[in-house]
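K.L.:
let's see this in three dimensions:
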Amino acid sequence: MNVLVTGGAGFIGRAVVKRLLEDRHKVYVLDNLSNGSKDNLIEFEDCTGFKGLIVGDIRDEGQLNRIFKRNIDICVHMAAQVNVQASIDHPEENYDINVNGTFRIMESARKTNTKVVLVSTCMVYAPAITSSPITEGHRTMPASPYAGSKLAAENLAGSYYYAYGLPVVILRPFNIYGPFQKTNMEGGVVSIFVSRKIRGEKLPIFGQGNQTRDLMFVDDCADFIVKASYSPEAGGEIFNAGSGKDISVNDLAMAIVKEKNMIKHVPHPHPQSEINKMVCDNRKSRYILGWKPRISLTKGIERLEKWLREATV
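P.N.:
Numbering: from 1, shown residues only. Sure, this is the predicted structure:
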């Protein structure tokens, strides 16, 4: 098939591109490189199926129409403004990219009847009141403009399924970590912690550190996205993906550095947007998509640390 991956130069996007190429599809990447990098795609340049990186904006209607006329069968839509603090500081820009950009994707897909797989976020969910894992039916309550814009994009994409019969799938992965993720404060907690361990720096924990996260290795996430893209039963559905287990940020830090004196608690930059407990109910993805996570947190951290050490040599 011909597959377009928007945001394909990001760390999750790169893993999706790799998996699609392994399955022998022809893959186009559209990315404005505001968050991704050309370097993430270098290893694919000699692959027969890799049709190249198109540097552009998902809000560019003309460019999108030209791309979709290349007989695109599936669009995996991952391009977004993903930084929570940036969404709080610049909500209008966040809305424009995540909602108006998705509108442009949906319109181009409608004209060509292209399947759209929208990669959203678990941050659209309301905080869990009990210790029960979060299902797709859990109440939504976005606590940041980022989460609000992603939920709006979900609703917009879903409306195209019902109004036009366009094949649309909505995905809500939980916290993703792994190689190629940023290790500055725009990255994920695991990547930040492991990179600081390598540099011999203390690990910063926002607030008390009791908040929990359901952490999933990037290759498992890519497998989830690709399986949802292929599934004929996925149309019009919402799917969660996570390990099904959560860990507190305090325990995660200790698992990485093993020493309390290498951990420091710092004020939370946006406590109003914090979700204190996050654990995924992934049964729907297991039953319908035939997907399940395969890489444990321990193995995933080992792989990430090995990659980071090699990348800094």
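K.L.:
other residues contacting the helix or strand hosting Ala253?
P.N.:
Counting by DSSP states H and E, the element that carries Ala253 is helix 249-257. Helix 249-257 has contacts (Cβ atoms under 8 Å, 6 or more residues apart in numbering) with 189-190, 193-194, 197, 203, 205-206, 208-213, 215, 247, 260, 263, 297-298, 301. For glycine as for every other residue, the C-beta is placed from the backbone atoms N, C-alpha and C.
K.L.:
how about that helix: buried residues?
P.N.:
Of the residues in helix 249-257, Val249, Asn250, Leu252, Ala253, Met254, Ile256, Val257 count as buried by neighbour count, 16 or more other Cβ atoms under 10 Å.
K.L.:
next structured bit after it?
P.N.:
Taking DSSP H and E, what comes next after helix 249-257 is strand 263-266.
K.L.:
that following strand packs against which elements?
P.N.:
Contact here means 3 or more Cβ pairs under 8 Å, 6 or more residues apart in numbering; DSSP states H and E; on that basis strand 263-266 packs against strand 203-206, helix 249-257.
K.L.:
about what we covered before: and the two most separated of the buried residues of helix 249-257?
P.N.:
Longest distance between any two of those is 12.6 Å, between Val249 and Val257; criterion Cβ to Cβ.
K.L.:
so what's Ser131 up against?
P.N.:
Lys277, Val279 are the contacts of Ser131 under Cβ under 8 Å, 6+ apart.
K.L.:
at 6 Å what do you get?
P.N.:
With contacts taken as Cβ atoms under 6 Å, 6 or more residues apart in numbering, Ser131 has no neighbouring residues.
K.L.:
SS state for it?
P.N.:
The three-state label given to Ser131 by DSSP: H, G, I helix; E, B strand; the rest coil is coil.
K.L.:
and it, how far from Leu151?
P.N.:
24 Å (Cβ to Cβ, to the nearest Å).
K.L.:
for the stretch 101-250 of the chain, just list every one of the strands.
P.N.:
Shown for the stretch 101-250 of the chain, the strands assigned by DSSP state E, counting those that start in this stretch span residues 115-119, 168-173, 175-177, 203-206, 212-213, 215-217, 238-241, 247-248.
K.L.:
between these, which gets nearest to Ile58?
P.N.:
When the strands of the stretch 101-250 of the chain are ranked by proximity to Ile58 (Cβ to Cβ), strand 115-119 comes first, at 11.9 Å.
K.L.:
now the angle from that closest one to strand 168-173?
P.N.:
Computed by axes from the mean of the first three to the mean of the last three Cα atoms, to 10 degrees, the angle separating strand 115-119 from strand 168-173 equals 20 degrees.
K.L.:
hang on, the earlier thing: in PyMOL, select just the buried ones from the contacts of helix 249-257.
P.N.:
Command for PyMOL that selects the buried part of the contacts of helix 249-257, burial taken from 16+ other Cβ under 10 Å:
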select buried, resi 189+190+193+194+197+203+205+206+209+211+212+213+215+247+263+297+301
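K.L.:
could I get the buried residue list for the longest helix anywhere in the chain?
P.N.:
Across the chain, the longest stretch assigned as helix under DSSP state H is helix 145-164. Of the residues in helix 145-164, 145-154, 156-158, 160-161 count as buried by neighbour count, 16+ other Cβ under 10 Å.
K.L.:
and that helix, how far from the chain's centre?
P.N.:
16 Å (Cα atoms, centre = their mean, to the nearest Å).
K.L.:
in the protein, which spans are helices?
P.N.:
Under DSSP H, the chain gives helices at 11-22, 61-68, 84-89, 91-95, 101-112, 145-164, 189-199, 218-230, 249-257, 283-284, 297-311.
K.L.:
the ones you listed: which one's closest to Ile54?
P.N.:
Per Cβ to Cβ, nearest to Ile54 of the helices of the chain: helix 61-68, 6.6 Å.
K.L.:
my read is that Gly13 contacts Met78, right?
P.N.:
Yes - counting by Cβ atoms under 6 Å, Met78 is a contact partner of Gly13 at 5.1 Å.
K.L.:
tell me how many other residues crowd Phe230.
P.N.:
Check again: residue 230 is Tyr, not Phe. Tyr230 has 14 neighbours, counted by other Cβ atoms under 10 Å.
K.L.:
got the contact list for it?
P.N.:
Contacts of Tyr230 by Cβ under 6 Å, 6+ apart: none found.
K.L.:
leaving out chain neighbours, which residue sits closest to Phe44?
P.N.:
Excluding the flanking residues, the one nearest Phe44 by Cβ to Cβ, 6 or more residues apart in numbering is Phe50, at 4.3 Å.
K.L.:
tell me who's in contact with Ile198.
P.N.:
So Ile198 contacts Leu308 (Cβ under 6 Å, 6+ apart).
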